[in-house]
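Student: compute the structure for the input listed below.
(2 chains)
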There are 2 protein chains.
Amino acid sequence: MEVIPGRPDLNTRTMEQMMGQAKEKGAQIILFPELCIPGYLLGDTWEQQAYLRDCEAWGTRIVRESSGICVVFGNVGIDWDKTGDDGRVRKYNACFVAKDGKLWGEDNFPYPFRIKTLHPNYREFDDSRHFFSLPQLALELGKPVEQLLQPVQVTIEGQPVRLGCLLCEDGWSDDYALKPMALMSQNSPVDIFINISSSPFTLGKNNKRNRVFSQQVKETGIPLIYLNSTGIQNNGKTVYTFDGFSSVYNPAGEVTAFCPAFSAQLACVDFDHHVQSGSQNILSVPDDWDISNIYQALTYGLKHFLHAIGMQKVVIGISGGIDSAVNACLYTQVLDPAHVMLVNMPSIYNSETTKDLAGQLGNNLGCLYTIVPIQEAVEYTIQQINQSPIHNRQSGEISHLSVSSFVTENIQARDRSARILAGLAASFGGGFTCNANKSELTVGYSTLYGDQAGFLAALGDLWKHQVYALARYLNEQIYHREVIPQKMIDLVPSAELSFDQAVDEGKGDPIQYPYHDYLFRAFMEHWNRATPEDILTWYLDGTLEEKIGCRSGLVKNLFPHHKAFIEDLERWWKLYTGMGVAKRIQAPPILAVSRRAYGFDHREAQNAPYFTAKYLEMKKALINGQ
Amino acid sequence: MEVIPGRPDLNTRTMEQMMGQAKEKGAQIILFPELCIPGYLLGDTWEQQAYLRDCEAWGTRIVRESSGICVVFGNVGIDWDKTGDDGRVRKYNACFVAKDGKLWGEDNFPYPFRIKTLHPNYREFDDSRHFFSLPQLALELGKPVEQLLQPVQVTIEGQPVRLGCLLCEDGWSDDYALKPMALMSQNSPVDIFINISSSPFTLGKNNKRNRVFSQQVKETGIPLIYLNSTGIQNNGKTVYTFDGFSSVYNPAGEVTAFCPAFSAQLACVDFDHHVQSGSQNILSVPDDWDISNIYQALTYGLKHFLHAIGMQKVVIGISGGIDSAVNACLYTQVLDPAHVMLVNMPSIYNSETTKDLAGQLGNNLGCLYTIVPIQEAVEYTIQQINQSPIHNRQSGEISHLSVSSFVTENIQARDRSARILAGLAASFGGGFTCNANKSELTVGYSTLYGDQAGFLAALGDLWKHQVYALARYLNEQIYHREVIPQKMIDLVPSAELSFDQAVDEGKGDPIQYPYHDYLFRAFMEHWNRATPEDILTWYLDGTLEEKIGCRSGLVKNLFPHHKAFIEDLERWWKLYTGMGVAKRIQAPPILAVSRRAYGFDHREAQNAPYFTAKYLEMKKALINGQ
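Tutor: Here you go, the predicted model:
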């Protein structure tokens, strides 16, 4: 089902409808995902007791309506008499099993629901902030954890069925000392594991889940149904899509049924045919790590995000470059083209080439198009700043400021976004997009209140090379024609904010994407975040290109000598950990697709850039030896 | 000591200097705060192995230099052979006891350091994300927690001294099942408890700490030294000051020595005189919850934040209102007035009254002052938007937009900030301030990329009535004269963005601060966040004013009938949980002073406003009954 976070009323209604349909189809058990009543990513809404009481009441209603069908669902489980570690009322991330108007499973557990054992506290997850875990409860009760890991026995058509209820992370136990599936199956017989999840999509995650879950199913020999929600949820800074992809694993760990990604549907599976099935029913599960999955996640996320915030119209600043072009394509995929307005805002620095390309794209997409030049306003701003007398109220002196060429670049960027796009969008009755990509966001290569502004950065989790790949994918696989002019793809990327960035002369961004995309990815996405110390070590080892995954031979081409390499490394590291952080604090929400997105998934402090003692030693030795 | 987060090199240098001074004074033990080498609020820097190795190396250096003095300090304790729950290398938030070049305490613990038992996971804290706790270790080792809570025995002048090493939250155990101080003292004899902390300042926290810590000291009869860092640390969205206030509690739980708030100093205490002291040496500890503490925290935080980000000059948009005036005062307290530029940016809607008041303030503060009118640019923008032909590239039609009066208000706000202030600040070589207060931030009563923009919201954690109190405090206690003109304090608060907000006619903001400040505080700061359901319940009970803490009789005056009350309540709730969230996602960092600040201390998702079923029922009954 699609879960709408913060809307227990709507979620309950969805469940009721699906319960009705399931009964009609003669289903005996219906499964809903983790926290399907309250939603999962709610921030500190968990601190509102009224919200908790409300969710509890909606859950009670589902229990009441469970006559003739066994309903397994996720909700917050509340112990009003106890507190959590924060001193507030005790909350569990819980799995409820209801049938014939009552809850089952209290015979071998302290509560009439099961609770999550493993609480993820990495990336965007904050489970320990709000919920009390099974190990905490075990410690409090003075019992071993395994004693509390008991299946729920429910009677289906007169037969006892033992449901091994697990919640999301309980299945991802590789890095934990506790292995809930193994422990529960060692404890007492389990007929079937049910893992109810609220697991955001990231590239390649389903492939990994199939490996991890299959392995555990094989080891225990007990079949498993994995049940995940669809929809989108966000934590403010980062928006996640949920792809569902609910799957059935037979006792051999093979997938015998699954829902297609990003599709909410009532899927009926047969216990004998699917769950207990032999190898004759195995399905091949599609991969989920290529550009088509990115496209699918982005369009799904965009569509649902626009719906969630009630936005029906968007304005997109269109430069003739690749980022704004891909954004324009995505938005016209999910909105009526007459609700998408492209705005080209030329200054004297914009080439005929890019202006023409922007116009071509507008024609190809068939959306609204307008041109609003910024030159006059920019010159007026510079004049106002240069000419305003600055009075020193102590000394009585009068002075003047002088706008530099660098400041002029930023004035242009802010003029476009905060003056034109924001005004146009408000008059149009919509919002304007932020076209930044992940490479730019990494080093703050954008202007605050300028091109970094917007209501959402749809491509903010894509490296520049992924933006290009998406552009090619759109032309080849979606449009089957050159909607994005090939020249846009071939052109050197440039902000066109000065004559030093003239595209027709091949001048452009200071970021050398074929190398820096991978360097930045090593800083940001590597499991153990790479720092200048690691990068320099690999550089000296001759393994840098292999370690970061860029094209072989590139580093030597870009950097004629060690000093140039080091200067480049330090320049970007300082931006990544310095001004880049300051800008990201005020950046728009980002639509996440990778295993690490900016925002709440990547916590950072605005501290000074730092180089370790070992790095400084290595650098000194290298420079002196050169 | 002042801890600089992310700078183990500088922190180690500070420690070395203080160790030298302590030796000169003949000290036998020197204590440093929690995580004083790496810093505490570092975001995901903990995922950089190079940073961990670096901190470990700096710590080893302190151990090497501990000849002749016992050094107790906080650092990350690393077990390179084990992993944490996130699968990365295992990290402990640890307390090290070094003397004579070696670490002490491995005789009764698995590591040559002690680790934190209680991990805070509320408000801005994220300990479980990065560190492995003592209960987790106990579970892994199959030992009871209390068995691992052992003092460190170190030999001082030939005598064994048993140090009960605790870390920060270990002393704040009220809400936890585990009580580290009680457990450790029951286990084995402890001569003195040492609590090394990294505890941010919030109003009234030290008063509470004295109550909580005193009580436990009294119960155990064992004296305690509380050691906290100074400086500032941030998590991106929220900047915290650390006030030190290190204190000594004698066995009766009385304070016998303390460092003044916000002062880093080598304070020498005598074991017999202070630690084992009787009641003759009790000190009276100043309260820390009034406006003078806010002033102290804000100026300390501002000064250190500006230093940390290397900013020496600021530009402040000065409207003639109270928020910008108080900001201007605070910045001129911590910067050379010649580095503070006030900019008045009038449109046709600004009264002579406020323009005059702004000028008076500039004179009184003796800083730089300039006037940059926005009317022409605003009209040009409106004209550009109205006159740009919008081409429909599908139908060929041409249409035009029309700028409404509401959109015109926002155009003015953005013109001031993103066009003028940002350009001026960049040319001046500094940043521009965000003058928003907490009341405005709660309901998004500000324009994105307009008056919500800036590098820091120094007053972003103060309700409007606190801003007024601070204005009066500045005049009365700091300046001893009317630097902020009294008329600014008396004037109705107004954005002056339209003739509907004419101050001279007494027209102004839609927020009725004497009531809404307290309503918003109930939404945001109450321990159990208040929702419309709670507010309406209290309203019907007749306890609303008492519950939220506003002036008695106010509610009846403001709302002639129930419907008006409900409309007001729903209006602000929708803004608080709707557009307010969207704006806060892109808001500047906030300087925290309260027990709950926006940013990382208040996690929130951009979900739709929600009203519980019970609220809707109550409302229906009320409206129907009316």
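
Student: pull the contacting residues for the nearest residue to residue A:129 once chain neighbours are set aside.
Tutor: Nearest non-adjacent residue to residue A:129, counting by CB to CB, 6 or more residues apart in numbering or on different chains: residue B:121, 4.8 Å away. To be clear about C-beta, it is placed using only N, CA and C from the backbone, and glycine gets the same treatment. In this structure, residue B:121 makes contact with A:85, A:86, A:121, A:126, A:128, A:129, B:127, B:128, judged by CB atoms under 8 Å, 6 or more residues apart in numbering or on different chains.

Student: distance of the residue of the stretch 401-550 of chain A at minimum distance from chain B from residue A:99?
Tutor: Proximity of the stretch 401-550 of chain A to chain B (CB to the nearest CB) peaks at residue A:418, 3.3 Å away. Residue A:418 is 57 Å from residue A:99, where distance means CB to CB, to the nearest Å.

Student: which of these two has more neighbours?
Tutor: The residue with more neighbours, out of residue A:418 and residue A:99, is residue A:418; 29 against 20, by other CB atoms under 10 Å in any protein chain shown.

Student: OK, contacts around the more buried one?
Tutor: Residue A:418 sits next to A:449, A:450, A:453, B:414, B:417, B:418, B:419, B:449, B:450 when contact means CB under 8 Å, 6+ apart.

Student: mind listing the helices for the stretch 51-200 of chain A?
Tutor: In the stretch 51-200 of chain A, the helices defined using DSSP state H, counting those that start in this stretch lie at A:127-130, A:134-141, A:145-148, A:180-187.

Student: what mean pLDDT does the first one get?
Tutor: Regarding helix A:127-130, the rounded mean pLDDT is 94.

Student: got it, and stretch A:573-585?
Tutor: 98.

Student: contacts for that stretch next, please.
Tutor: Counting by CB under 8 Å, 6+ apart, stretch A:573-585 makes contact with A:441-446, A:448, A:452, A:520, A:523-524, A:531-532, A:598-599, A:604-611, B:236-237, B:309, B:455, B:588-589, all of which sit outside it.

Student: so which bits of stretch A:138-149 are buried?
Tutor: Within stretch A:138-149, the residues scored as buried using 16 or more other CB atoms under 10 Å in any protein chain shown are A:138, A:139, A:145, A:146, A:148, A:149.

Student: packing partners for the one helix or strand residue A:556 maps to?
Tutor: Secondary structure from DSSP states H and E places residue A:556 in helix A:554-558. Applying 3 or more CB pairs under 8 Å, 6 or more residues apart in numbering or on different chains; DSSP states H and E, we find helix A:554-558 packed against helix A:513-524, helix A:544-548, helix A:562-577.

Student: which of those is buried the deepest?
Tutor: Neighbour counts (mean count of other CB atoms under 10 Å in any protein chain shown) averaged over each of the helices and strands packed on helix A:554-558 peak at helix A:513-524, with a mean of 21.

Student: tell me the mean pLDDT for stretch A:56-68?
Tutor: Confidence over stretch A:56-68 (mean pLDDT, whole number) is 97.

Student: spell out which parts of the stretch 201-350 of chain A neighbour chain B.
Tutor: The stretch 201-350 of chain A comes close to chain B at residues A:233, A:234, A:235, A:236, A:237, A:239, A:308, A:309, A:337, A:338, A:341, as judged by CB under 8 Å from any CB of the partner chain.

Student: ok, the stretch 51-200 of chain A next?
Tutor: Applying CB under 8 Å from any CB, one finds that the stretch 51-200 of chain A approaches chain B through A:51, A:53-54, A:57-58, A:83-89, A:118-122, A:126, A:128-129, A:135, A:139-140, A:145, A:174-177.
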